[in-house]
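Peer 1: Sharing a sequence plus its predicted fold:
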Amino acid sequence: MSRPHAYRPTMRGWWQRHPAYRRYLLREGSSVLLALYAIWLLIGVLCLAAGEAAYEGWRALHGHPWLFGLHLAALLAAIFHAVTWFRLLPLTLPVLRWRGYRPTDRMLVWGGWVLSAVLSGGVCLYILGGAG
């Protein structure tokens, strides 16, 4: 008598069965691109620490068309991540109540966008020297 298997075989093409699965894989796959872009920016910081010549050499690489494509792809991936994560916000929050009222999912998503915009604007003002 054979013993039952302790695992289930993987279904082929499981990600093709539902559009949400494809979006999930696209989001997870694009995170690899964002990680590579973060490494690229870290290399820039290391070049800056190494001196002016190293940093100017790193900046000179930005004239190549493939690097423009990398910047554009990273921007699109970051926008895609922001949109999908803010849409998931109502699912990840515990039951939220304020004075006995539960905000709608739409209010939570838009609240996340507004909070993100306000914080980003504050950081930009701080960096540019406008706050303080």
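Peer 2: Nice, I can see it.
Peer 1: what residues are up against residue 48?
Peer 2: 54-55, 58 (Cβ atoms under 8 Å, 6 or more residues apart in numbering). Quick note: C-beta positions are derived from backbone N, CA and C, even for glycine.
Peer 1: Tell me how many other residues surround the residue nearest to residue 23 when sequence neighbours are not counted.
Peer 2: Spatial nearest neighbour of residue 23, excluding adjacent residues (Cβ to Cβ, 6 or more residues apart in numbering): residue 84 at 6.8 Å. The number of residues packed near residue 84 is 14, by other Cβ atoms under 10 Å.
Peer 1: Can you tell me how far residue 84 is from residue 16?
Peer 2: Relative to residue 16, residue 84 is positioned 19 Å away (Cβ to Cβ, to the nearest Å).
Peer 1: So what touches stretch 107-123?
Peer 2: 82, 86-87, 89-90, 93, 96, 103, 131.
Peer 1: Now do the buried residues in it.
Peer 2: 108-109, 112 (16 or more other Cβ atoms under 10 Å).
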